[in-house]
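1. The sequence and its predicted three-dimensional model are supplied below.
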Number of protein chains: 2
Amino acid sequence: MDKGLQSALMSVVNDINSYIDNCEYFDKYSIKEISQGLRAYFSRGGKRIRPAIAMWSCGICGGDPKKVIPAASGLEACHTWTLIHDDIIDNDDTRRGGPSVHVIGKTQAEKSWGKKDSEKYGETYSILIGDMLQGISVSMILDSVKAGVDPKVAIEICKLLESDTALNLIEGELLDVQFEYMDIKSINPDLIYKMIWGKTGVLIKYAAVMGAMIGLNTIDMNNEKVKALGDFAINIGLAFQLRDDVLGLIADEKKLGKPVGSDIVEGKKTLTAFYALETFSESEKEEFLSIFGNPQKAGYTGRAVELIKQTGAIEKTSQKAENLTHEAIEKLSVFPDNEYKSYLSGLAEYMLMREK
Amino acid sequence: MDKGLQSALMSVVNDINSYIDNCEYFDKYSIKEISQGLRAYFSRGGKRIRPAIAMWSCGICGGDPKKVIPAASGLEACHTWTLIHDDIIDNDDTRRGGPSVHVIGKTQAEKSWGKKDSEKYGETYSILIGDMLQGISVSMILDSVKAGVDPKVAIEICKLLESDTALNLIEGELLDVQFEYMDIKSINPDLIYKMIWGKTGVLIKYAAVMGAMIGLNTIDMNNEKVKALGDFAINIGLAFQLRDDVLGLIADEKKLGKPVGSDIVEGKKTLTAFYALETFSESEKEEFLSIFGNPQKAGYTGRAVELIKQTGAIEKTSQKAENLTHEAIEKLSVFPDNEYKSYLSGLAEYMLMREK
């Protein structure tokens, strides 16, 4: 990542962290343990990519990116409450190098009342903390008016999140869960695309659209610039996910921070795996599916990756990600050159080239 | 309930049901099973007391109650998503005479994929349906602007719900759960009051305050009329809960629809039980606590009720509920006499006198 982009991103991180640190909604409870759960994931860092896209989308439209800080913080809070509930759903006990919120709740219960039913308490706690954070997220977005955003625009961006973006996101999560129950032969790339779109795409698109609406002071989602930034974000969101798939198969493990091939062991429904499935011979398909999602065959992960490689699915995925990124940057041509345009282009390229 | 009040309440029920029936946010999903969960509790009726308070509070302030329909529907949706999550937390498999949302999800999974892990799917489904409904609730409230509410007022009532009311409500739910883990001796009437306030009071107060703010077209929560209606609602909310406690101990079972004394078997922390606890001799306390919350001693529930009766706690509770209701009606004296004033007073009296 080049120095200019890096320092612009650092400045976003500082703006958002400082806003969240000082936000009144996190620390006003008579049950003191609530704040710990509400603040947990924020306090462990995070790249703040979505807030950056929102603030720079405002900037590229000629608006003051600082006006976006409350809404971008609310967007980050929205992302965070979905993670809290996902962690219950997926039984994930860690997040960003620390305990998940349901584990935090469980530990609180054990300290106060002992081990009996502490797991159930942890789950209850994290359902409720996620619910609270959704409310806080909405409030932050509406607090945009305090930063000078027109009330009508604030209402529109809040409704866009709550009646459209978040609903698509949750539907993506439900679809991902359904995949675990479905016969793998009934899953196809279209369904996977729909799931990825919900789980990764919609919130990145929202960041760009919301930033543009604030920057242009408009509630017209068909505005040419709003649409261009929305399309830009759709493309980089999908490219990001495709790059993720590829890294999961061929990355340098030390840089990636998780075992290469773990997506295979977990039976993660990636587009790459399904491109390969469409090309396999019957015997290759049989061999691959005997390894895919089968922890008892974790030793054969290398073989499964090899099978995918032979089909050219990795090159196909990488090429697709590259094309999407170029198309994304092309969408920005309606804007004059300025620092925000260079940040957004730089971010798109970074998301394509990253090695972790 | 007198005829005029009954027909006014029926008219609210029709307005709210019709708004929810036609609301676009419930039926736009590619996973068709989502709508079933979102609509389940609404379709089983409900008295719509909170929407009535909101609409009549607008009316008593001189506003058009119809303007409150979107926000009152959003308030009902807020109440409903909290019920969906509460039902997971409390392991309640039925609600309003039908299956809870987590049971609906479990049944869907069994139909599609068989019994394996269907319980986990049901829980996931109902966490996500509740989350979606919170988003829909926010969107409905912001849709107030389409009914002619000033955008600034719409923002303020939405923020009041999401950054204050809902957070208090959820904190009340968490406190109620914590009670199950706490030693009964560390629970006192102040804590119980706090829990009741969260679980019942805040949303009734919100209904009145929100309706008044729309009726008066103000964002000033210190406005004399807004405060009067807020105080009215605080009082009737508490009186409602106290009446509930009393009915749980001495009602006509056929009218009540659940066994008298079931609160004792479940160890429900009611103010009445704790008034009695403060009066018991040591031996009475010991006897009572051996029955309270102990399903194996369900046969002794009558004796526990007898012990409570002897202390006069039931009269004390009833008297308190009556005083609160009179004070509530007194708060309305700042308003001129009109139909909405008579509905609100009538509702307060009905909530005090009801037998189920």
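-> Received the coordinates, thanks. Numbers count the residues shown, from 1 in each chain, chains lettered A, B, ... in the order given.
2. For stretch A:280-300, what does the pLDDT average out to?
-> Taken as a whole, stretch A:280-300 has an average pLDDT of 94.
3. What lies in contact with it?
-> Stretch A:280-300 has contacts (Cβ atoms under 8 Å, 6 or more residues apart in numbering or on different chains) with A:184, A:264-267, A:273, A:276-277, A:301, A:303-304, A:307-308, A:311. Where C-beta positions appear, they are placed from N, C-alpha and C, glycine not excepted.
4. Out of those residues, which is nearest to chain B?
-> Relative to chain B, the closest of the contacts of stretch A:280-300 is A:I184; by Cβ to the nearest Cβ it sits at 12.7 Å.
5. hang on, the earlier thing: emit the ChimeraX select command for whichever of the contacts of stretch A:280-300 are buried.
-> A single ChimeraX command selects the buried members of the contacts of stretch A:280-300 (16 or more other Cβ atoms under 10 Å in any protein chain shown):
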select /A:264,265,267,273,276,277,301,304,307,308,311
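6. And the furthest pair within the contacts of stretch A:280-300?
-> Maximum pairwise distance among those (Cβ to Cβ): 20.3 Å, between A:E266 and A:T311.
7. just checking, what packs against the helix or strand hosting A:N235?
-> In the assignment (DSSP states H and E), A:N235 maps to helix A:224-250. Under the contact criterion of 3 or more Cβ pairs under 8 Å, 6 or more residues apart in numbering or on different chains; DSSP states H and E, helix A:224-250 touches helix A:49-60, helix A:202-216, helix A:262-265, helix A:271-279, helix A:301-311, helix A:313-331, helix A:339-353.
8. Can you name the next helix or strand after the fourth one?
-> Sequence order places helix A:282-291 as the next helix or strand after helix A:271-279, per DSSP H and E.
9. Quick check: buried residues in that following helix?
-> Quick answer for helix A:282-291 (16+ other Cβ under 10 Å): A:E284, A:K285, A:E287, A:F288, A:L289, A:I291.
10. which one among those gets closest to A:W113?
-> Nearest to A:W113 among the buried residues of helix A:282-291: A:I291, at 44.2 Å, using Cβ to Cβ.
11. Residue of the stretch 201-350 of chain A closest to chain B, please.
-> Nearest residue of the stretch 201-350 of chain A to chain B, counting by Cβ to the nearest Cβ: A:I219, 10.6 Å away.
12. Distance-wise, check the closest residue to that residue other than its chain neighbours relative to A:D164.
-> Sequence neighbours aside, A:E156 is the residue nearest to A:I219 in space, at 4.2 Å (criterion: Cβ to Cβ, 6 or more residues apart in numbering or on different chains). Plainly put, A:E156 is 11 Å away from A:D164 if you go by Cβ to Cβ, to the nearest Å.
13. what's the helix or strand for A:V153?
-> A:V153 is part of helix A:151-160, with elements assigned from DSSP H and E.
14. What are the contacting residues of that helix?
-> A:71, A:138, A:141-142, A:144-145, A:206, A:209-210, A:213-214, A:217-219, A:221, B:138-139, B:142-143, B:145, B:151-152, B:154-155, B:158.
15. isn't A:A8 right up against A:Y343?
-> Yes - counting by Cβ atoms under 8 Å, A:Y343 is a contact partner of A:A8 at 5.0 Å.
16. Common neighbours of those two, please.
-> A:A52, A:W56.
17. Least confident secondary structure element in chain A?
-> Lowest mean confidence among the helices and strands of chain A (mean pLDDT, DSSP states H and E): helix A:253-256, at a mean of 77.
18. okay, A:E156 and A:D164: which has more neighbours?
-> Shown here are A:E156 and A:D164; by other Cβ atoms under 10 Å in any protein chain shown, A:E156 has more neighbours (20 against 17).
19. picking that back up, for the helix holding A:N235, list every residue counted as buried.
-> A:225-249.
20. With stretch A:60-73 instead?
-> For stretch A:60-73, a neighbour-count test (16+ other Cβ under 10 Å) marks A:I60, A:C61, A:G63, A:P65, A:K67, A:V68, A:I69, A:P70, A:A71, A:A72, A:S73 as buried.
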